[in-house]
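> what would the 3D arrangement of this be:
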Amino acid sequence: MEFHRSPILWGVLLLISAPVVLILYQSLTAPSAVYVVPEEGHAAYIASLEHQVDDLRRRLEEEREARKRAEFQLRQQNKSTPAPEPAPEAPRAEPSPTNRAYRHTLSSGLFSIPADAKSVDWAVINNSDEEQAIRVTVFEVGVKVPKKVASPGSLTMTVAPFESTHNANSVGPDKPFQRGFYYEIVVETNSSKLLPSVSVWSDHGNAGIPGTMIGPGAFVDMADGR
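Numbering: from 1, shown residues only. Model (predicted):
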């Protein structure tokens, strides 16, 4: 008897294999146990996520509040801190007698003090029909040393039309003029009609010592050679 031709054997084989096939089918079609999460596992996982979200929200809120407090403190500090006072304006330097603040810079040249001198006087006359601003500076001059401004320093004033003005200072120890030095008087003006002169007095009342007068024609305009 051939095996493939026997219906009885086929029937026995079918009866034996049917349960095995059914078991294999169920195992292949059933969800894998690896992906099955019990109900209580789902709840714990969700609760963990909710806890992490709440913790993140709390931290963000704390950072926001800290930032607000820092900004408030900074505003309060700015209100309580007075604004710095503006730096004081630097004083304007007085132009030196050798600059070009005026059109004319007239120098007397050097002169010395006679033994019987009591005072030295400079004078100017304004021969124009307009007021003239002038600046007069007396320099004390030594030998091989830079000249320096002598007392009373540079004097600035305005001379009315056809009027004169002057300034006399004493000679002697600790006085504006001292024997042993040369002196130069510089007159700055914008008008060629402003005429200066220098004289040395034997007293304090305009008693000129002969030969000491330095007239307008002796003054040299130092601006001409610039």
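> could you use CA atoms for every contact and neighbour count after this?
Fine.
> where in this protein is pLDDT low?
1-42, 45, 80-100, 224-226 (pLDDT under 70).
> in a helix, residue 60, correct?
Yes - for residue 60, which was evaluated using DSSP: H, G, I helix; E, B strand; the rest coil, the result is membership in a helix.
> all helices for the protein, in order.
Secondary structure of the chain (DSSP state H): helices located at 7-29, 39-80.
> got the domain ranges for this protein?
According to the domain assignment given by automatic domain parsing, the chain is divided into the following structural domains: 1-82, 104-221.
> measure residue 173 to residue 78 for me?
When CA to CA, to the nearest Å is the yardstick, residue 173 and residue 78 sit 61 Å from each other.
> residue contacts, residue 122?
Contacts for residue 122 were tallied using CA atoms under 8 Å, 6 or more residues apart in numbering; they are 166, 167, 168, 185, 196, 197, 198, 199.
> if we go to 7 Å?
When contacts are counted by CA atoms under 7 Å, 6 or more residues apart in numbering, residue 122 is found next to 166, 167, 168, 197, 198, 199.
> picking that back up, out of the domains of the chain, which one sits most buried?
Mean neighbour counts were taken over these using mean count of other CA atoms under 10 Å, and the top value, a mean of 17, falls to domain 104-221.
> got the end-to-end distance for that domain?
6 Å.
> the lengthiest strand in the chain - contacts with which helices or strands?
Taking DSSP state E as the assignment, the strand of the chain that covers the most residues is strand 132-141. Strand 132-141 is packed against strand 148-149, strand 155-159, strand 182-189, with contacts defined by 3 or more CA pairs under 7 Å, 6 or more residues apart in numbering; DSSP states H and E.
> direction included, what does that strand pair up with?
strand 148-149 (antiparallel), strand 155-159 (antiparallel), strand 182-189 (antiparallel) (DSSP bridges).
> between those, which one is closest to residue 131.
In terms of CA to CA, the element of the strands paired with strand 132-141 nearest to residue 131 is strand 155-159, at 5.6 Å.
> chain center to that closest one: distance?
Distance, stretch centre to chain centre, for strand 155-159: 35 Å (CA atoms, centre = their mean, to the nearest Å).
> sorry, back to before: dump the strands paired with strand 132-141 into TSV; add distance to residue 216 as well.
Below are the strands paired with strand 132-141 laid out as TSV (distance: least, CA to CA, whole Å):
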stretch	distance to residue 216
strand 148-149	22
strand 155-159	16
strand 182-189	11
